[in-house]
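Visitor: Predicted model and sequence follow; I will ask about them next.
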Amino acid sequence: MTETVLIAGASGIVGSAAAAVMREAGWTVLGLARSPSAQEGVTPVVADLQDPESLRAALAPHRPTRLVLSTWMRRPTEAEMIRVNGAMVRNLLDALRPAGTLRHAALVTGLKHYLGPFEAYGKGAVPQTPFREEQGRLPVENFYYAQEDEVFAAAGRDGFSWSVHRPHTIIGKAVGNAMNMGTTLAVYATLCRETGRPFRFPGSAMQWNGLTDMTDARLLARHLLWASTAPQARNQDFNVVDGDVFRWSWMWGRIAAWFGIEPAPFDGTVRPLERQMEGDAPLWAKIAERHGLAEPRLDRLASPWHTDADLGRPIEVVTDMGKSRRLGFLDYQPTDDAFRDLFERLRADRLIP
C-alpha cells in the first residue's frame, strides 16, 4: 500500500527533513501551510490551522494515511500558547476525520516536556537527568501537554495510532524558523569573522562545562518514519537525540574552527546573543549584499532568544534514548558532524558566505 503523509510544518526544520526522508521511502508527501514554500516532491496544501473551514476545504480532496505535526505558534504567555496550539491540533484532526483514512499521527514536541514552558524554562523542580519518558509530566501548564491531549483524544475517538517525539535542540536547515540554533550560531560566527568581534560563548558555566546532547533533524525524520510504521512504536512517547554527548567547552572550538576563527576564552560571564546581536540587522544586510547571499534579513535566519534559552540553562541536560533502542530504532548521528553538514549546506545554498 502506498502511504500518503500530511506534514503540518513541512517547510520547517523538522518538516522539511521529514518530507525528504518520506519521499525517499516512496511515500506521497503533502505539505500543509498558509503560504507553502516550493519543495521538491511535496504537494502544497494551502490552509490555516486556526481556520477550521479552510482546513476542511483544503483537505477534502486528499486521503492521508499518516500525519506529522511539527508546527506551533509562539504567543506572549503559556496560557495563550496552550489555547492557540491546542486548537490548531484539534482543528486539523477534526478536518481529517471525514476521510477516515488516517492510521497514525506523529506529534513533535521537545524537552520542554521535562524542563517546563518558556516562562519557567529550566527553573524550579525538574526531573533527574538523563530525562526518561517514564518521568511523565511536570505539575505546570505546558502547551506541549495540550497538543498531546488533543492527539490522544482524537486517536481514541477515530481509531488511529499515535507517537510523540521529544527532540532536544534541533540541528537542521530552515529559513524563518523560530527555534534554530545551528543557523543562529552560523550567522553569529560569520558576523564575528566579518567584523573581528570575539566569538564568545553566550551561555552559562553549567552549559559550558556540563554534558549535553542535541538532535539532528535528519535523525528525527528517520525516527518519525520508523514510529509511523513499526507496530511496537504504536501509542508510545519517545525522546529523540543523536546518541552522543558533549560539552560546549569542546564543541565551541570545533564550530569556531569551521569558520576559521579563534574562540574567545570563556570567563563564566553570560553574554546573551540577543544582546550581542542587537542592532546587527543592517550589518547582515550589507554582508549579504557583499557576498551575494540569498537571505538579507537577519530575523529570517537567526533566533537568538531561543539559543540563549538553551545555552543559558542552569542545569545539565542529557536525554535517555533507551526506550527507542529497546524497541528497535538504532540510528546514531555524531553531533559535531551534524553542525558541519549544516554549515556546508548553508554555504552551498548561499545563506552564509
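Guide: Received it, and whenever you're ready, just let me know what you need. Everything quoted here is computed from the prediction, not taken from an experiment.
Visitor: Can you report how many residues neighbour Pro139?
Guide: If you count neighbours by other CB atoms under 10 Å, Pro139 ends up with 9. Placement of C-beta: from N, CA and C, glycine included.
Visitor: Give me the local confidence score for it.
Guide: Note on Pro139: pLDDT of 90.
Visitor: Also the one 5 residues further on?
Guide: pLDDT recorded at Tyr144 is 97.
Visitor: check contacts around it.
Guide: Going by CB atoms under 8 Å, 6 or more residues apart in numbering, Tyr144 touches Thr109, Gly110, Lys112, His113.
Visitor: out of those residues, who's nearest Ile287?
Guide: Gly110 (31.1 Å; CB to CB).
Visitor: tell me the secondary structure for that closest one?
Guide: coil (DSSP: H, G, I helix; E, B strand; the rest coil).
Visitor: That one contacts His168, correct?
Guide: Yes: Gly110 is within contact range of His168, at 7.4 Å (criterion: CB atoms under 8 Å).
Visitor: So the two - more neighbours on which side?
Guide: Comparing Gly110 with His168 by other CB under 10 Å, the one with more neighbours is His168, at 23 against 20.
Visitor: Wait, that one touches Val317, no?
Guide: Yes: His168 is in contact with Val317 according to CB under 8 Å; the separation is 7.0 Å.
Visitor: Could you name every residue contacting both of the two?
Guide: Leu111, Thr212, Asp213.
Visitor: where are the low-confidence patches of the protein?
Guide: 1, 118-124, 178 (pLDDT under 70).
Visitor: at 80 what do you get?
Guide: 1, 36-38, 117-127, 176-179 (pLDDT under 80).
Visitor: all strands for it, in order.
Guide: 4-8, 28-33, 42-46, 66-69, 104-108, 161-167, 170-171, 211-212, 215-216, 236-240, 246-247 (DSSP state E).
Visitor: Direction included, what does the longest one pair against?
Guide: If I follow you right, that is strand 161-167. strand 104-108 (parallel), strand 236-240 (parallel) (DSSP bridges).
Visitor: can you tell me which of the ones you listed comes nearest to Asp158?
Guide: strand 104-108 (9.4 Å).
Visitor: which helices and strands does the lengthiest helix in the chain pack with?
Guide: When the chain is parsed with DSSP state H, its longest helix is helix 78-96. Under the contact criterion of 3 or more CB pairs under 8 Å, 6 or more residues apart in numbering; DSSP states H and E, helix 78-96 touches helix 52-59, strand 66-69, helix 143-158.
Visitor: so what's Ala233 up against?
Guide: By CB under 8 Å, 6+ apart, the neighbours of Ala233 are Ser163, Trp226, Ala227, Leu327, Phe329.
Visitor: Apart from its neighbours in sequence, what residue is nearest Gly176?
Guide: Arg300 (5.0 Å; CB to CB, 6 or more residues apart in numbering).
Visitor: Isn't Glu289 up against Leu283?
Guide: No: with contacts counted by CB under 8 Å, Glu289 stays clear of Leu283, the gap being 10.9 Å.
Visitor: So for the two, which residue has more residues nearby?
Guide: Leu283 (14 against 10).
Visitor: Now the more buried one. Nearest residue, chain neighbours left out?
Guide: Per CB to CB, 6+ apart, closest to Leu283 is Leu191, 6.8 Å.
Visitor: Distance of the spatially most central residue of the chain relative to Ala338?
Guide: Taking CA atoms, centre = their mean as the criterion, Ile170 is the residue nearest the geometric centre of the chain, at 4.8 Å. Applying CB to CB, to the nearest Å, the value for Ile170 to Ala338 is 10 Å.
Visitor: so Cys306 makes contact with Asn180?
Guide: Wrong residue type there; residue 306 is His, not Cys. Yes: using CB under 8 Å, His306 is in contact with Asn180, at 7.2 Å.
Visitor: which of those two has more neighbours?
Guide: A direct count of neighbours by other CB under 10 Å for His306 and Asn180 places Asn180 higher, at 28 against 20.
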